[in-house]
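>>> Structure for the following, please:
(one chain, ligands or ions: 3)
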Amino acid sequence: MDIEIQSIDNIKGKGLFAKKDFHAGSVIFEEDPVVCCQFSWNAAYGYKACDHCLRPLETAEENARRLSAKPELHLPYPNLCHTDKSTITYCSLCGIHYCSTKCQTTAYNQYHRTLCFERKSDIDDHPLYQLNEMWKQMHYPPETSTIMIIPRILATIQQAVNPEEAQAQFLEFCHRTVNEDSKIAHKFLGEKFVDQISTLHNLLVKAMKPDGISHFLTQEGFQTLIALIGTNGQGVGTSAISEWVTKSLQQQLSPEETVKLDQFIDKLYEDMDSHSGSFLNNEGVALYCLQSACNHSCMPNAEATYLHNNSKLSLVALTDISAGDEICMSYLDECTLQRSRYSRNKELGENYLFTCTCPKCELQAHDPNVTSDEEEEDDEMDDMSE
Ligand SMILES: [Zn+2]
Ligand SMILES: [Zn+2]
Ligand SMILES: [Zn+2]
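Residues are numbered from 1 along each chain as shown. Ligands and ions are numbered 1, 2, ... in the order given. Below you'll find the predicted structure:
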C-alpha cells in the first residue's frame, strides 16, 4: 500500500497519508465498495445499471438515444462502446438485472438472498417496496443518497459467515449522530425531518427480520445508520455515453474527422441537455473503507473518480503529493466549493458534523459570516436532497 491511515487528533480523528510521492493525475489507490446502491429516482426513471456494481447495461448508442429522446440516432465508432450485453443476467425471482453472473452471485451471497422479493400482484404491499416509494416521495432529484442502502447493510451483516465481524466493519465508519464538541447534530436528525425519519424507521422495522440486527432497528440504532450513510456515503456515477465520448476523442483522426466528431458530440450534448437536463449518469451511493478515511479540504489534492465505469473507486491526485502529506478530497460539490467560508461550513456542519480548518478556511477566518442572496434562496429550497 502506498498510503496509510493515521490518527490525527481528537477533533479530526483519522486521516489518509501518502507513503510515497504521487504526480498530479496519477491513481493513488483503487477500491471496491463494501456496499453500493443505485439512487431510487435514478432507477425509477429507467437509468439502466447493474443492481450490484452500477455498470451501464445499455450500449452507448441506446444510452444516447434515451437521454436525447432521439430513437433514430446513430453513433459513429460503435466499437468504442464497452457495454457487453451478452453477459447481462437477471434474478429469476424478482427480475433485477446484473452486468454479469459474477455480480449476481456476489449480490445474492452478500445481501440479495435476504432482500429478494418476488414480483407478484401484491408487490405494492411489500415493506421494502413501500420504503423505497416513501423515500422517493420525501426526496426528489437531485439525489445524494437513498434509504435503500440501509437494508443492504443490514442484510450484509445477517448473511455474513461472521456477523460480528461484518458489523464491526460497518461501525468502523464514522456513525456519530451528534458532534458533542461543536454541538452540531446531523441535519437529517433535526426537527424538520422528525416525521419522515419515524415513517422510514417503521417501514424498515417491517421489512427486516430482527435476527442479529435488532439493535439497529431501535430508534437510536436507526439514527446511527442514517448518520453513517449521511456522513460516509460517496456518490457514484457511471455512463456508457461519456465513456464512449472519452474513447472517441482519444482516437487518432484526421483534422476533418476531428471537426466532424466534435460537432457531433456538441450536438448530442445539446440534445441530451434539452431532454434530460443534467441527469446523464447512472447514479448511486456507496460506502468505501479507505476513501471514508480521507478528510475534507476546500483545497483538495485528490478526487474520487470511476475509471472502470462501475462502482470501483479510483482516488486520483489533483496536484503533486509528497510522501507524508495528508491526502484530502472535497466533500462539497464544485459549486458549493466556490462559495464563502461561512456557506461551505454551514453545508459541512449539517451534513458531516464538522467545521473545516483547511488552509483556505484559515485564510478566510475573518471573513464576515454571511451568505449571498443567491445562497439564501437555495437554502429555502433545501430539503433532504442536500
Ligand atoms: Zn455488475
Ligand atoms: Zn431477486
Ligand atoms: Zn476548508
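>>> Count the residues that sit near residue 320.
Neighbours of residue 320 under the rule other C-beta atoms under 10 Å: 13. For glycine as for every other residue, the C-beta is placed from the backbone atoms N, C-alpha and C.
>>> so how far is residue 360 from it?
18 Å (C-beta to C-beta, to the nearest Å).
>>> State the helix or strand in which residue 257 lies.
In the assignment (DSSP states H and E), residue 257 maps to helix 255-276.
>>> Centre of the chain to that helix, how far?
Computed by C-alpha atoms, centre = their mean, to the nearest Å, the chain-centroid distance of helix 255-276 equals 28 Å.
>>> Only C-alpha atoms, please: export that helix in PDB.
Output of helix 255-276 as PDB, limited to C-alpha atoms (Å, rounded to 0.1, in the frame of the first residue of the first chain):
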ATOM      1  CA  PRO A 255      -8.400  17.100 -38.900                       C
ATOM      2  CA  GLU A 256     -11.700  16.800 -40.900                       C
ATOM      3  CA  GLU A 257     -12.800  13.800 -38.900                       C
ATOM      4  CA  THR A 258     -12.000  15.500 -35.700                       C
ATOM      5  CA  VAL A 259     -14.100  18.500 -36.600                       C
ATOM      6  CA  LYS A 260     -17.000  16.200 -37.600                       C
ATOM      7  CA  LEU A 261     -16.700  14.300 -34.300                       C
ATOM      8  CA  ASP A 262     -16.600  17.500 -32.200                       C
ATOM      9  CA  GLN A 263     -19.700  18.800 -33.900                       C
ATOM     10  CA  PHE A 264     -21.500  15.500 -33.500                       C
ATOM     11  CA  ILE A 265     -20.600  15.400 -29.700                       C
ATOM     12  CA  ASP A 266     -21.600  19.100 -29.200                       C
ATOM     13  CA  LYS A 267     -25.000  18.500 -30.900                       C
ATOM     14  CA  LEU A 268     -25.500  15.300 -28.900                       C
ATOM     15  CA  TYR A 269     -24.900  17.000 -25.500                       C
ATOM     16  CA  GLU A 270     -27.200  19.800 -26.600                       C
ATOM     17  CA  ASP A 271     -30.000  17.300 -27.400                       C
ATOM     18  CA  MET A 272     -29.400  15.300 -24.200                       C
ATOM     19  CA  ASP A 273     -29.400  18.500 -22.200                       C
ATOM     20  CA  SER A 274     -32.700  19.700 -23.600                       C
ATOM     21  CA  HIS A 275     -34.400  16.300 -22.900                       C
ATOM     22  CA  SER A 276     -32.600  15.100 -19.700                       C
END
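>>> Would you give the sheet partners of the helix or strand following it, along with the direction of each?
The helix or strand immediately downstream of helix 255-276 is strand 282-287, counting by DSSP H and E. Its sheet considered, strand 282-287 pairs with strand 35-38 (antiparallel), strand 234-238 (antiparallel) by DSSP bridges.
>>> How far off centre is strand 282-287?
3 Å.
>>> So for it, mean pLDDT?
Confidence over strand 282-287 (mean pLDDT, whole number) is 97.
>>> Mind listing the residues bridging to the spatially most central residue of the chain?
Centrality entry for the chain: nearest residue to the mean C-alpha point is residue 235, 1.8 Å, by C-alpha atoms, centre = their mean. Taking DSSP bridges as the rule, residue 235 bridges to residue 285.
>>> Residue 153 contacts residue 35, correct?
Yes. With contacts counted by C-beta atoms under 8 Å, residue 153 reaches residue 35, the gap being 5.7 Å.
>>> So for the two, which sits in the more crowded spot?
residue 153 (24 against 20).
>>> What residue spans form the domains of the protein?
Following automatic domain parsing, one gets these domains for the chain: 34-235+282-287, 340-386.
>>> With distance to residue 257 added, can I get those domains in a markdown table?
A markdown table is the format used below for those (distance: least, C-beta to C-beta, whole Å):
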| stretch | distance to residue 257 |
| --- | --- |
| domain 34-235+282-287 | 9 |
| domain 340-386 | 42 |
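>>> Residue 11 is nearest to which of those?
domain 34-235+282-287 (6.8 Å; C-beta to C-beta).
>>> related to what we said a few turns ago, point out the most buried one among the strands paired with strand 282-287.
Most buried of these by mean neighbour count (mean count of other C-beta atoms under 10 Å) is strand 35-38; its value is a mean of 25.
>>> what mean pLDDT does that strand have?
Averaged over strand 35-38, pLDDT sits at 98.
>>> try stretch 82-93
Across stretch 82-93, the average pLDDT comes to 95.
>>> Which one of the residues in the stretch 201-350 of the chain is closest to ligand 2?
Using C-beta to the ion, the single residue of the stretch 201-350 of the chain nearest to ligand 2 is residue 207, 14.7 Å away.
>>> on that earlier part again, test my guess that the residue nearest to the centre of the chain contacts residue 149.
No. The pair residue 235 / residue 149 is not scored as a contact, 11.9 Å apart, by C-beta under 8 Å.
>>> which residues do these two both contact?
residue 285 (C-beta atoms under 8 Å, 6 or more residues apart in numbering).
>>> Quick check: pLDDT value at the residue nearest to the residue of the stretch 201-350 of the chain closest to ligand 2 when sequence neighbours are not counted.
Nearest residue to residue 207, sequence neighbours excluded (C-beta to C-beta, 6 or more residues apart in numbering): residue 127, at 3.8 Å. Looking at residue 127, its pLDDT stands at 92.
>>> what do you get for the one 10 residues further on?
Predicted confidence (pLDDT) for residue 137: 92.
>>> Can you list the buried residues in the helix or strand encompassing it?
Residue 137 belongs to helix 127-138 when elements are defined using DSSP H and E. Neighbour counts over helix 127-138 (16 or more other C-beta atoms under 10 Å) mark 127-128, 130-132, 134-136, 138 as buried.
>>> Packing partners of it?
Taking 3 or more C-beta pairs under 8 Å, 6 or more residues apart in numbering; DSSP states H and E as contact, the helices and strands that helix 127-138 lies on are helix 40-44, helix 194-207.
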